[in-house]
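Student: model the following, please.
(2 chains)
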Amino acid sequence: MSNTSENPNPSSSSAKITLKTSDNELFEVEEAVAMKFCTVKQYFEDEKDNDVAARGSSTVIPLPNVHSAVLARLISYCKKLPQSNAVADNHEEEETKKKERKQYGTPGDLVDLISAANYLDFKEGLEFFNQALADHIQNKSVEYVRKFFGIKGDFEPHEEEKYREEYAWAFEGVDED
Amino acid sequence: MADWSQLPQDLLHLIAKRLKTRIDLFRLRSICSSWRSSISLPPKQHRHTPIPTTDDSKFTLSLDLSEHTVYLIESQQQGSPPKRWLVKVFQDQHGRMHLLDPLSRSKVVGFDNLLLDLREFKVFELCQEHVLHRTATYGVHEPWRSRPVVEVDKVALMCVGPENNDFALVTPHRDGGGLAFFNSRIQQWITIGSHPATSSCIAVTHFEGKFYAVDTKGRTISIDQFLDSKVVTNLGSDAYMKYLVEAGGELLVVEAYLPFPNAEGSIGSESYRGLCIDYFEVFKFNKEGDKWVKVNSLGDWVLFLGVYSSFSVLASELPGCKGNCIVVTQPRWKEFNLDGHDTYVVELESGRSGPLENYPGFSKLLFPGDMGTSSA
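Tutor: Residues are numbered from 1 along each chain as shown, chains lettered A, B, ... in the order given. Sure, this is the predicted structure:
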């Protein structure tokens, strides 16, 4: 299905908004897409109020915290939002969604996507990428998670002992009732 | 590469929320000190919660809710193929841990004073089971009943409320055929099901945000957390035992039939040995039509039918185990007293069945004989 031939919201199809990333790349995106980012929406609305003098669609909204590579991925995610955000009501659908989340793969990518979604106040995206991250670390060992994130354990020996306690099952010879 | 240890606290919070189990949260707290300080301890479980009750003049009743968690544990020893075990863990009100048979409440013997360092294992939380302990203490006018009477009931429990801090539960009603409903926020018991008590509910579970119960006649009742209850369908069967279990996103009812009518009496007798159930039938719930549809094969699923709750696992997750099987437990009697439980495996395709020890894959899974070897 092509994106240009079938626009779900024809009334806004003409309006484009230009976003400028931290590396000075310009992105021209449909208003419907840009409005998913609450930070952009807020900026856009403030701008409209302050400056009605028909700068209109040529407004460039700066996003100093977002790199072009990340923004491109967020926009492409945005475009397929309606399908991917449906509530999974059975096992198969949940599996498909899991696979979809896996595509956003590496930990480095995810931290960028999550930080950017957070900065842009892009709720669905933040939920999606957080879940993608949770998928990666669910049921994994501490060592795996540390390696995955590239984090070194920095506990002092006495702290280490404390978390070990939290993490140990000691079965005792005491009757239940 | 981005530095994950410096991830803002509020973001880490959001990610932690996405994790489903306490084990995962503990693990996240073990990653590094900045994460540890950002992620608070998981909310208290309903491990051991006293529940208010109305006192009868003849005896004092106290109710305690206990939580058991079923885990699939995998050893991570290098060089040898992974081993897996199914365990049920119970932490009592003093914080002591107990290892229970996954299909009953019996303690697994030989595992006292065992320490498992979970960092050496891969741990999957499968499900939680709740039971209600009823302790009736009789007053002075009944001196012949000097010892409190303890009974244990099966319970279906759902977390409710904005932060999932409250819970709602249903349990088969002791006196009469209906169900008893309790909500921790209103702290009140409510009886559901004004139907004449010609049959009683024998299985309860929760599925997709609702409670489901089936009674001895196969009548199926759904109840939401706001107490809206209805009879959704009627299986119209008189199977000896019924189990509700979820597998692969479907709600199943498993019907267990005895070899001949009125066989129930003989099960309690000393002479009876072996699985008393002749055959099983499985139905899945069709939400659109509100009806039960016969299932001929479970595919790769294995159903574990326990005394208090049932669960399912894919055979591909269980080394040495076949799919399309039912693992079921049955009480063992000695001089008319309960003397533990026996577990049987039933192969649905061939109809063959036998005691657990005839199935090495399943018996290794359920009796973690060599689990201790990799612990400290």
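Student: can we go C-alpha only for contacts and neighbour counts from here?
Tutor: Fine.
Student: beyond the worst-scoring helix or strand of chain A on mean pLDDT, next helix or strand please.
Tutor: Using mean pLDDT, DSSP states H and E, helix A:81-84 stands out as the lowest-scoring helix or strand of chain A, at a mean of 55. Counting by DSSP states H and E, the next helix or strand C-terminal to helix A:81-84 is helix A:91-102.
Student: next structured bit after that next one?
Tutor: By DSSP H and E, the next helix or strand past helix A:91-102 is helix A:107-119.
Student: pLDDT score for residue A:111?
Tutor: Looking at residue A:111, its pLDDT reads 83.
Student: worst-scoring helix or strand of chain B, pLDDT-wise?
Tutor: Lowest-scoring helix/strand for chain B, mean pLDDT, DSSP H and E: helix B:264-267, at a mean of 56.
Student: pull the residues that contact whatever helix or strand comes next after it.
Tutor: Following helix B:264-267 in sequence order, the next helix or strand is strand B:279-286 (DSSP H and E). Residues outside strand B:279-286 that contact it (CA atoms under 8 Å, 6 or more residues apart in numbering or on different chains): B:250-259, B:291-296, B:348, B:351.
Student: domain-wise, how is chain A divided?
Tutor: A:16-80+A:101-137, A:143-170 (automatic domain parsing).
Student: can you say which of these is nearest to chain B?
Tutor: Relative to chain B, the nearest member of the domains of chain A by CA to the nearest CA is domain A:143-170, separated by 4.3 Å.
Student: can you tell if the closest one touches chain B?
Tutor: Yes - shown here: domain A:143-170 in contact with chain B (CA under 8 Å from any CA of the partner chain) through A:145-146, A:149-155, A:163-164, A:166-170.
Student: all helices of chain A, in order?
Tutor: Assigned by DSSP state H, the helices in chain A fall at A:31-34, A:38-50, A:68-79, A:81-84, A:91-102, A:107-119, A:123-137, A:142-149, A:157-166.
Student: ok, which of the ones you listed comes nearest residue B:204?
Tutor: Taking CA to CA, helix A:91-102 is the member of the helices of chain A nearest to residue B:204, at 21.5 Å.
Student: quick check: angle from that closest one to helix A:123-137?
Tutor: Counting by axes from the mean of the first three to the mean of the last three CA atoms, to 10 degrees, helix A:91-102 lies at 90 degrees to helix A:123-137.
Student: ok, and for helix A:91-102, which residues are buried?
Tutor: A:97, A:101-102 (16 or more other CA atoms under 10 Å in any protein chain shown).
Student: distance from it to the middle of the chain?
Tutor: With CA atoms, centre = their mean, to the nearest Å as the basis, helix A:91-102 stands 17 Å off its chain's centre.
Student: for that helix, what does the pLDDT average out to?
Tutor: Per-residue scores along helix A:91-102 average to 72.
Student: what's the answer for stretch B:37-53, then?
Tutor: In this model, stretch B:37-53 has a mean pLDDT of 71.
Student: distance between the ends of it?
Tutor: 40 Å (CA to CA, to the nearest Å).
Student: for the chain, give me the ranges with low pLDDT.
Tutor: Went with chain A since none was named. Within chain A, the segments meeting pLDDT under 70 span A:1-14, A:50-58, A:81-93, A:105, A:164-167, A:172-177.
Student: wait, chain B
Tutor: B:1-3, B:6, B:42-48, B:54-58, B:110-113, B:140-146, B:175-177, B:194-199, B:260-273, B:368-376.
Student: ranges for the helices of it?
Tutor: Assigned by DSSP H, chain B shows helices spanning B:9-18, B:22-29, B:33-38, B:264-267, B:360-366.
Student: now those as TSV including distance to residue B:101 and mean neighbour count?
Tutor: Output for the helices of chain B, formatted as TSV (distance: least, CA to CA, whole Å; neighbours: other CA atoms under 10 Å in any protein chain shown):
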stretch	distance to residue B:101	mean neighbour count
helix B:9-18	30	17
helix B:22-29	20	21
helix B:33-38	33	17
helix B:264-267	21	14
helix B:360-366	7	18
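Student: okay, those helices in CSV with distance to chain A next?
Tutor: Formatted as CSV, those follow (distance: least, CA to the nearest CA, whole Å):
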stretch, distance to chain A
helix B:9-18, 5
helix B:22-29, 6
helix B:33-38, 6
helix B:264-267, 27
helix B:360-366, 17
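Student: and the ones you listed as a markdown table, adding distance to residue A:141?
Tutor: Listed next are the helices of chain B as a markdown table, based on distance: least, CA to CA, whole Å:
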| stretch | distance to residue A:141 |
| --- | --- |
| helix B:9-18 | 16 |
| helix B:22-29 | 7 |
| helix B:33-38 | 16 |
| helix B:264-267 | 45 |
| helix B:360-366 | 21 |
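Student: from residue A:140, how far off is the residue nearest to residue B:16 when sequence neighbours are not counted?
Tutor: Once flanking residues are discounted, residue B:16 sits nearest to residue B:25: 6.6 Å by CA to CA, 6 or more residues apart in numbering or on different chains. As judged by CA to CA, residue B:25 and residue A:140 stand 11 Å apart.
Student: quick one: name the residues of the stretch 1-150 of chain B near chain A.
Tutor: Counting by CA under 8 Å from any CA, the residues of the stretch 1-150 of chain B near chain A are B:1-5, B:11, B:14-16, B:18-19, B:23-24, B:26-28, B:30-33, B:92, B:96-99, B:111-124.
Student: of these, which belong to strands?
Tutor: B:97-99, B:114-117, B:121-124 (DSSP state E).
Student: of the residues you listed, which is the nearest to residue B:139?
Tutor: Nearest to residue B:139, judged by CA to CA, of these is residue B:98 at 32.2 Å.
Student: and that closest one, how many neighbours?
Tutor: If you count neighbours by other CA atoms under 10 Å in any protein chain shown, residue B:98 ends up with 26.
Student: does it have beta-bridge partners, and which?
Tutor: Beta-bridge pairing for residue B:98 (DSSP bridges): residue B:90.
Student: that one contacts residue B:89, correct?
Tutor: Yes - using CA atoms under 8 Å, residue B:98 is in contact with residue B:89, at 5.7 Å.
Student: how about the contacts made by residue B:5?
Tutor: A:151, B:32, B:34-35.
Student: just send those residues back as TSV, with distance to residue B:184 too.
Tutor: TSV is the format used below for the contacts of residue B:5 (distance: CA to CA, whole Å):
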residue	distance to residue B:184
A:151	41
B:32	36
B:34	35
B:35	32
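Student: give the buried residues for stretch B:250-262.
Tutor: The neighbour-count check on stretch B:250-262 (16+ other CA under 10 Å) flags B:250-258 as buried.
Student: what's the answer for stretch B:107-122, then?
Tutor: The neighbour-count check on stretch B:107-122 (16+ other CA under 10 Å) flags B:107-108, B:111-112, B:114-122 as buried.
Student: that stretch: end-to-end distance?
Tutor: 23 Å.
Student: in ChimeraX, select just the buried ones from the residues of domain A:143-170 next to chain B.
Tutor: Selection of the buried residues among these in ChimeraX, burial being defined by 16+ other CA under 10 Å:
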select /A:145,146,149,150,151,155,163,167,169,170
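Student: for the helices of chain A, which one sits closest to residue B:134?
Tutor: Proximity to residue B:134 (CA to CA) singles out helix A:157-166 among those, at 30.6 Å.
Student: what angle do the closest one and helix B:22-29 make?
Tutor: Using the same axes, to 10 degrees: helix A:157-166 against helix B:22-29 is 170 degrees.
Student: and helix A:157-166, how far out from the chain's middle?
Tutor: 33 Å.
Student: again, but for stretch B:74-89
Tutor: 22 Å.
Student: name the residues of it that are buried.
Tutor: Those would be B:74-76, B:83-89, for stretch B:74-89 by 16+ other CA under 10 Å.
Student: show me the contacts for the residue nearest to residue B:246 when sequence neighbours are not counted.
Tutor: In space, and not counting its chain neighbours, residue B:246 is closest to residue B:252: 5.8 Å by CA to CA, 6+ apart. The contact partners of residue B:252, by CA under 8 Å, 6+ apart, come to B:244-246, B:282-285.
Student: against chain A, how distant is residue B:231?
Tutor: Plainly put, residue B:231 is 22 Å away from chain A if you go by CA to the nearest CA, to the nearest Å.
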